[in-house]
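Undergrad: Sequence and predicted model, in that order:
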Amino acid sequence: MRRKAGPVTGAIKILLAMMYGIPLLWIILTSFKSSADVFASDATFLFSPVTTAYVDALNGDLMAALQQSVLIAVGTTVLVLLIGVPAAYGLARTRGHVATIGLGLLIVLQMLPQTANIIPLFQVFGSWGLLDSTLGVIFADTALLTPFAVMLMRPFFRAVPIELEEAAAIDGATVRRSFFSVVLPMARNGIATSGTLVFMLAWGEFLYAVNLFLSPGTYPLSALLAQQVGAFGINWPGLMALAVLTSLPILLVYALSYRLLRDGLTVGAVK
């Protein structure tokens, strides 16, 4: 029997909704204001809405930045899964000191601050000719997010009974065939969950994008937002309009994958 939420739980939910909802409402309202209304004390909620900021954003570099963000997010997700799926499966099936050392290395890699990698990556990518290229940012994001994806997918592979692989081997299946025919279908929820989270993180990644792209015209959406902050002040309506437009694709992905994320993270946490 499902228990009803008490008054304390309801109050906490209302408080959280206000904490997250009011800033979002403020962003949307500011995006429809003129520059004069942003700082007007009597125009907090009562103002004449204008779409100037959205028109300027759509007529600017938005589409080029959107294309870059899609390429980076999709490319990073594909590359992370290609590396992370076999790595997570190997760590899930390996016992002893090898698995312990591997997990320890993943944790250490997760602890390294992203800012500590900028200069080495800049030097290495410069010698490889990958600076100011989409491929270079994809490689950097892949290196950043692969340890996270491996640690997230490993519990899903451990939840797959090894007896199923042994039964497939008795029936004559090779290791590769049992992996693709038995293990992957049973762990698909965890793989899809990891892929969705990696896509979201790669979409909003800023530090590598703004440092590894040398030409502002090639910036993705996350770095394009920073261009609204100039030496002569901040274009608040333009910044908020870009924030709204940038959030729409990731909001759509989250809405479509909400049930998958909820179920997948719960299963991974339990098992």
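TA: On my side now, so go ahead. Residues are numbered from 1 along each chain as shown.

Undergrad: As a check, name the ranges of all helices in the stretch 51-200 of the chain.
TA: 52-59, 62-93, 97-111, 118-128, 134-158, 162-170, 175-178, 184-186, 188-204 (DSSP state H, counting those that start in this stretch).

Undergrad: Of the ones you listed, which shows the lowest average pLDDT?
TA: Mean pLDDT per stretch puts helix 97-111 lowest among these, at a mean of 81.

Undergrad: Nearest residue to the middle of this structure?
TA: The centroid of the chain falls nearest to Leu201 when counting by CA atoms, centre = their mean (1.6 Å).

Undergrad: Might you report the residue contacts of the nearest residue to it once chain neighbours are set aside?
TA: The spatial neighbour of Leu201 that comes closest, neighbours along the chain excluded (CB to CB, 6 or more residues apart in numbering), is Leu145 at 5.9 Å. In this view, the C-beta of every residue, glycine as well, is placed from N, C-alpha and C. Each residue near Leu145 by CB atoms under 8 Å, 6 or more residues apart in numbering is listed here: 76, 80, 198, 201-202.

Undergrad: which two from those residues end up farthest apart in space?
TA: Across the contacts of Leu145, no pair lies farther apart than Val80 and Leu201, at 9.6 Å, counting by CB to CB.

Undergrad: thinking again about what came up before, just send the helices of the stretch 51-200 of the chain back as CSV, with distance to Thr9 too.
TA: Listed next are the helices of the stretch 51-200 of the chain as CSV, based on distance: least, CB to CB, whole Å:
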stretch, distance to Thr9
helix 52-59, 39
helix 62-93, 36
helix 97-111, 33
helix 118-128, 44
helix 134-158, 29
helix 162-170, 41
helix 175-178, 46
helix 184-186, 35
helix 188-204, 27
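
Undergrad: right, so of these, which gets closest to Gln228?
TA: So among the helices of the stretch 51-200 of the chain, helix 52-59 is nearest, using CB to CB, at 9.5 Å.

Undergrad: Dump the C-alpha coordinates for that closest one into CSV.
TA: Only the C-alpha atoms of helix 52-59 are listed here, as CSV (Å, rounded to 0.1, in the frame of the first residue of the first chain):
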residue,chain,number,x,y,z
THR,A,52,14.3,41.0,-30.4
ALA,A,53,16.7,38.8,-28.5
TYR,A,54,15.4,35.6,-30.2
VAL,A,55,15.5,37.2,-33.7
ASP,A,56,19.1,38.3,-33.2
ALA,A,57,20.0,34.8,-31.9
LEU,A,58,18.4,33.1,-34.9
ASN,A,59,20.0,35.5,-37.3
